[in-house]
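Q: sharing a sequence plus its predicted fold:
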Amino acid sequence: MAKVGPKGMKILKLFHLIAAGLWIGGAVALNLMIYALPLPQSDGELYGYNIACKFVDDYVVIPGAIGCLVTGFLICLLTQWGFFKHRWVIIKWFLTVACILFGTFYLSKTVNNQPHISADEGTMALANLDYVSNRLGSLRGGLLQLISMVVMFWLSVCKPLKGRGKGVIPKPEKLDS
Ligand code: HEM
């Protein structure tokens, strides 16, 4: 596979960083909305709040996550970084795919179901068991995902565990017994 030059690399990295910024920015906003905003006191406010959370998830968090995956894939395919040459890149693959699966099959549901419940029940939703457990799920899962993203930023910037396998990290010489 032909590789891109320095200019192509810069363009890929630019889009990768925009996507990473969107993902972590959306996740921080969503976490703050769930942790720090005082809970609304009227039916309309509660519904609006739940719709706003869903909006940030659908239009900032999800495009950022997909953008990271696509640009990360292109960087591996089209540059010298490769898919399996470095442990930090492999760990990023694992964490990104795990976060996306967790987000798709668990976290998004905890956000998407809330407007339906608050539209039906108004502020009584705050005592609805499904509503409360969704909120708790968003609180705990959202924090876990944010921590994984901070780890990915650290891996990207510090690039620890560079290289793997024969010829990249020299193996220690065997001691003669
Ligand atoms: C499929 C998953 C991903 C892969 C394969 C991947 C791969 C890479 C590679 C190879 C680089 C090095 C580019 C260079 O310095 O020339 C890079 C840079 C970077 N990535 Fe990712 N990435 C992925 C997901 C993410 C995610 C989810 C985030 C953040 C949430 C992220 C944040 C960054 C940052 C901040 C840099 C710039 C580091 C620097 O320039 O020092 N990446 N990525």
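A: Sure thing, it's come through.

Q: can you tell me the residue of this protein closest to the ligand?
A: Among the residues of the chain, residue 72 lies closest to the ligand, at 2.6 Å counting by C-beta to the nearest ligand atom. All C-beta atoms are positioned from the backbone trio N, CA, C, and that covers glycine.

Q: mind checking pLDDT for that residue?
A: Residue 72 is assigned 98 on the pLDDT scale.

Q: does anything pack onto the helix or strand where residue 143 lies? Which helices or strands?
A: Assigned by DSSP states H and E, residue 143 belongs to helix 129-158. Under the contact criterion of 3 or more C-beta pairs under 8 Å, 6 or more residues apart in numbering; DSSP states H and E, the helices and strands touching helix 129-158 comprise helix 6-35, helix 87-102, helix 108-112, helix 114-121.

Q: between helix 87-102 and it, find me the angle.
A: Between helix 129-158 and helix 87-102, the angle comes out at 160 degrees (axes from the mean of the first three to the mean of the last three C-alpha atoms, to 10 degrees).

Q: list the buried residues of helix 129-158.
A: Counting neighbours by 16 or more other C-beta atoms under 10 Å, one finds that the buried residues in helix 129-158 are 131, 134, 135, 137, 138, 141, 142, 145, 146, 149, 152, 155.

Q: returning to what we had before: how about JSON lines for the helices and strands packed on helix 129-158, with mean neighbour count, distance to the ligand and mean pLDDT added?
A: Conversion of those to JSON lines gives the following (neighbours: other C-beta atoms under 10 Å; distance: least, C-beta to the nearest ligand atom, whole Å; pLDDT from 0 to 100):
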{"stretch": "helix 6-35", "mean neighbour count": "16", "distance to the ligand": "4", "mean pLDDT": "97"}
{"stretch": "helix 87-102", "mean neighbour count": "16", "distance to the ligand": "4", "mean pLDDT": "97"}
{"stretch": "helix 108-112", "mean neighbour count": "19", "distance to the ligand": "17", "mean pLDDT": "96"}
{"stretch": "helix 114-121", "mean neighbour count": "18", "distance to the ligand": "25", "mean pLDDT": "97"}
